[in-house]
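Peer 1: Have a look; sequence and predicted model below, questions after that.
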Amino acid sequence: CILRPEFLDLPPRPPRAIVQRVVVILGGGDPFNLMPGVLTVLDELPVPFDLLAVLGPFSRNREEVERTAKALKRRVHCLSAPTQIRDLFLQADVAVTGAGQTLYELACTGCPAVAIEMVPNQTGQLEELIRAGSVRRGGRAGQMDGFRELREALLPLLSDRQIRQAMSEAGRRLVDGKGALRVARALLSMAEGSGSGAGGRQASVSHGGG
């Protein structure tokens, strides 16, 4: 998995005894307008914590999200299209997320996640990460049924440190942030292996010019 450089060499992450912050991030956009409902569900849960709502660069429901946040009992901070998210994940105890690339970033930072499947092409990776133990299923966009599945997936994580720790450790075993280095080394090895003869010289020049 190719992640951004910010996910290299992350510090240790022992789970806190008590959940203090939950981050909600639903990808680059929120086409099903799920963020207000997710925040409302989290606000109703019987565990004290702060909320961070991260809106993607293509989200068009910022005003509605902010209105919802102001009406909640909890302290909610809304953040739009941050340039760096690693520290946000390291500081969060639990995440509610879309089931795209963010799942790998959360696994790398050791942040236990409940994922909502936003589009059908996320099914395979979501099921594999659930099997690996770093993610729980929180429903499927368009079939949320009052967010019941999300609520049921969240409650054990919020109340049980051992569950959070097991998920955190599973994620960090699976994704260490060094995938881009492995890909780069493999490409260099391929280029070096074809470095003899006319074809090799052509590949070498092409690589150097790129």
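Peer 2: Cool, the structure landed.
Peer 1: List the contacts of the most centrally placed residue in the chain.
Peer 2: For the chain, Thr102 is the residue whose C-alpha lies nearest the centre (Cα atoms, centre = their mean; 3.0 Å). Thr102 sits next to 25, 27 when contact means Cβ atoms under 8 Å, 6 or more residues apart in numbering. Glycine gets a C-beta too; all of them are placed from N, C-alpha and C.
Peer 1: Cys108 contacts Arg172, doesn't it?
Peer 2: Yes. At 6.9 Å, Cys108 and Arg172 qualify as touching, with contact defined as Cβ atoms under 8 Å.
Peer 1: who has more neighbours, those two?
Peer 2: Remark: of Cys108 and Arg172, Cys108 carries more neighbours, 26 against 19, as counted by other Cβ atoms under 10 Å.
Peer 1: Now that one: closest residue in space that isn't a chain neighbour?
Peer 2: The spatially closest residue to Cys108, leaving aside those adjacent along the chain, is Val175, at 4.3 Å (Cβ to Cβ, 6 or more residues apart in numbering).
Peer 1: From Val76, how far off is the one you found?
Peer 2: Separation of Val175 from Val76 (Cβ to Cβ, to the nearest Å) stands at 28 Å.
Peer 1: Which of those two has more residues huddled nearby?
Peer 2: More neighbours surround Val175 than the other of Val175 and Val76, with 23 against 20 (other Cβ under 10 Å).
Peer 1: quick one: pLDDT of that one?
Peer 2: On pLDDT, Val175 comes in at 94.
Peer 1: give the contact list for Val183.
Peer 2: Each residue near Val183 by Cβ under 8 Å, 6+ apart is listed here: Ile2.
Peer 1: Secondary structure element holding it?
Peer 2: Assigned by DSSP states H and E, Val183 falls within helix 179-193.
Peer 1: And that helix, what's buried?
Peer 2: Across helix 179-193, burial judged by 16 or more other Cβ atoms under 10 Å covers no residue at all.
Peer 1: And it, how far out from the chain middle?
Peer 2: Computed by Cα atoms, centre = their mean, to the nearest Å, the chain-centroid distance of helix 179-193 equals 26 Å.
Peer 1: same thing with stretch 52-71?
Peer 2: The chain centre lies 18 Å from the centre of stretch 52-71; the measure is Cα atoms, centre = their mean.
Peer 1: Now it - C-alpha only, PDB.
Peer 2: What follows is stretch 52-71, C-alpha atoms only, in PDB (Å, rounded to 0.1, in the frame of the first residue of the first chain):
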ATOM      1  CA  LEU A  52     -13.500  16.100  15.200                       C
ATOM      2  CA  ALA A  53     -15.400  16.300  11.800                       C
ATOM      3  CA  VAL A  54     -13.000  16.300   8.900                       C
ATOM      4  CA  LEU A  55     -14.600  17.500   5.600                       C
ATOM      5  CA  GLY A  56     -13.000  16.500   2.400                       C
ATOM      6  CA  PRO A  57     -12.100  18.900  -0.400                       C
ATOM      7  CA  PHE A  58     -15.200  17.900  -2.400                       C
ATOM      8  CA  SER A  59     -17.700  18.100   0.400                       C
ATOM      9  CA  ARG A  60     -20.600  20.300  -0.300                       C
ATOM     10  CA  ASN A  61     -22.500  20.100   3.000                       C
ATOM     11  CA  ARG A  62     -20.200  22.100   5.200                       C
ATOM     12  CA  GLU A  63     -22.900  24.500   6.300                       C
ATOM     13  CA  GLU A  64     -25.200  21.700   7.300                       C
ATOM     14  CA  VAL A  65     -22.400  19.900   9.100                       C
ATOM     15  CA  GLU A  66     -21.600  23.100  11.000                       C
ATOM     16  CA  ARG A  67     -25.300  23.700  11.900                       C
ATOM     17  CA  THR A  68     -25.500  20.100  13.200                       C
ATOM     18  CA  ALA A  69     -22.300  20.500  15.200                       C
ATOM     19  CA  LYS A  70     -23.600  23.700  16.900                       C
ATOM     20  CA  ALA A  71     -26.800  21.900  18.000                       C
END
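Peer 1: Brilliant, that's me finished.
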